[in-house]
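Asks: only geometry, no sequence info:
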């Protein structure tokens, strides 16, 4: 396995896509803890980019640097065409940030939270009310708008959090683990919100602990480990760099199991389960060849399952199965 795999996004005519976010050699340490060790990023405009990594890998630190909340120790980064070090105000005017913990004030209503954001963006009272009402409707919060935000469910608070982020019409949104703690229904609702944002031309930078989430949403995925980008590409590109695909055959007749084991050289045996595991990429040709070999031996499996590498396999292959908790994220 290569130590790092980088696959460049391109437009339909083969040219590199314009970048909404780019970084070269970003470094950051906290004391003697090296959190980011020279990472490079290039995120096309109008796409979803997911940054994966174990706890403590530096995902949140990367978001904080790119959103101008902390300064890098080295390297350069541009967001929406603005240098994060020399033009932080330009970056802030173009982005929205939703962190792991909600910025919603539970002591006031959802509508009042929205109007407060409108004031912070210097919108007139009339424009602020118009924008707030539109976003509350868009995020299905109109009925709850005049209730204290402390009474909202976790999913409602997350939707309000993102609605508040959109008051300033950002071109780029950083979502730092936006669905942590949400139930499956609320998580799927959030996924649709993110898809709709991208359809509207927004670029989304997503950090997440949920590999299924990255697989569902992201156009590009980077895996961060030990302060470095271990691999980057589309979900399908990343899955192809990891071996481990196989076909599993299970039998109920011990005689049929033994015959199949004799006919399939190299199959891994599980005598207790009467099952065989054969390395395979899962292609139609490979499956047909396997079934032809069973037919030639006069054997029929009772159950056939195909396993192709998924993002879990990619994650564990690149980061290792056991990672300690760290104070720095």
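Replies: Yep, it's here. As the structure is a prediction and not an experimental result, all values here were calculated from the model.

Asks: flag every buried residue along stretch 300-309.
Replies: Buried positions in stretch 300-309, judged by neighbour count with 16 or more other C-beta atoms under 10 Å: 301, 309. (Each C-beta comes from the backbone N, C-alpha and C, glycine too.)

Asks: okay, and the beta partners of residue 22?
Replies: residue 42, residue 78 (DSSP bridges).

Asks: and the pLDDT for it?
Replies: What the model reports as pLDDT for residue 22 is 95.

Asks: in space, what's closest to residue 25 - neighbours in sequence excluded?
Replies: residue 75 (3.6 Å; C-beta to C-beta, 6 or more residues apart in numbering).

Asks: residues in contact with the one you found?
Replies: Residue 75 makes contact with 23, 24, 25, 26, 27, 38, 39, according to C-beta atoms under 8 Å, 6 or more residues apart in numbering.

Asks: how about the residues you listed in JSON lines, adding neighbour count, secondary structure and distance to residue 191?
Replies: Output for the contacts of residue 75, formatted as JSON lines (neighbours: other C-beta atoms under 10 Å; DSSP: H, G, I helix; E, B strand; the rest coil; distance: C-beta to C-beta, whole Å):
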{"residue": "23", "neighbour count": "24", "secondary structure": "strand", "distance to residue 191": "26"}
{"residue": "24", "neighbour count": "13", "secondary structure": "strand", "distance to residue 191": "31"}
{"residue": "25", "neighbour count": "14", "secondary structure": "strand", "distance to residue 191": "33"}
{"residue": "26", "neighbour count": "25", "secondary structure": "strand", "distance to residue 191": "28"}
{"residue": "27", "neighbour count": "16", "secondary structure": "strand", "distance to residue 191": "33"}
{"residue": "38", "neighbour count": "15", "secondary structure": "strand", "distance to residue 191": "32"}
{"residue": "39", "neighbour count": "25", "secondary structure": "strand", "distance to residue 191": "26"}
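
Asks: residue 120: which of the residues you listed is nearest?
Replies: Of all the contacts of residue 75, residue 120 sits closest to residue 23, with 27.2 Å by C-beta to C-beta.

Asks: contacts only, for that closest one.
Replies: With C-beta under 8 Å, 6+ apart, residue 23 has these contacts: 39, 40, 41, 42, 66, 75, 76, 77, 78.

Asks: just the buried subset of the residues you listed, please.
Replies: Taking 16+ other C-beta under 10 Å as the criterion, what is buried in the contacts of residue 23 is 39, 40, 41, 42, 66, 75, 77, 78.

Asks: what is the nearest of those residues to residue 54?
Replies: For the buried ones among the contacts of residue 23, the residue nearest residue 54 by C-beta to C-beta is residue 39; the value is 15.1 Å.

Asks: let me see the contact set for the closest one.
Replies: 23, 25, 26, 62, 75, 224, 227, 228, 229.

Asks: tell me the secondary structure for the fourth one?
Replies: The three-state label given to residue 62 by DSSP: H, G, I helix; E, B strand; the rest coil is helix.

Asks: for the buried ones among the contacts of residue 23, give me TSV that also has distance to residue 283.
Replies: Shown next, in TSV, are the buried ones among the contacts of residue 23 (distance: C-beta to C-beta, whole Å):
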residue	distance to residue 283
39	35
40	33
41	33
42	32
66	40
75	41
77	41
78	41
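
Asks: list the buried residues for stretch 285-292?
Replies: 286, 290.

Asks: neighbouring contacts of that stretch?
Replies: In contact with stretch 285-292 (C-beta under 8 Å, 6+ apart) are residues 247, 264, 278, 280, 306.

Asks: and after the one helix or strand the third one maps to, which helix or strand comes next?
Replies: Mapping residue 278 onto the secondary structure by DSSP states H and E places it in strand 275-279. Sequence-wise, the next helix or strand downstream of strand 275-279 (DSSP H and E) is helix 284-296.

Asks: show me what secondary structure element comes after that next one.
Replies: Downstream of helix 284-296, the next assigned helix or strand under DSSP H and E is strand 303-307.
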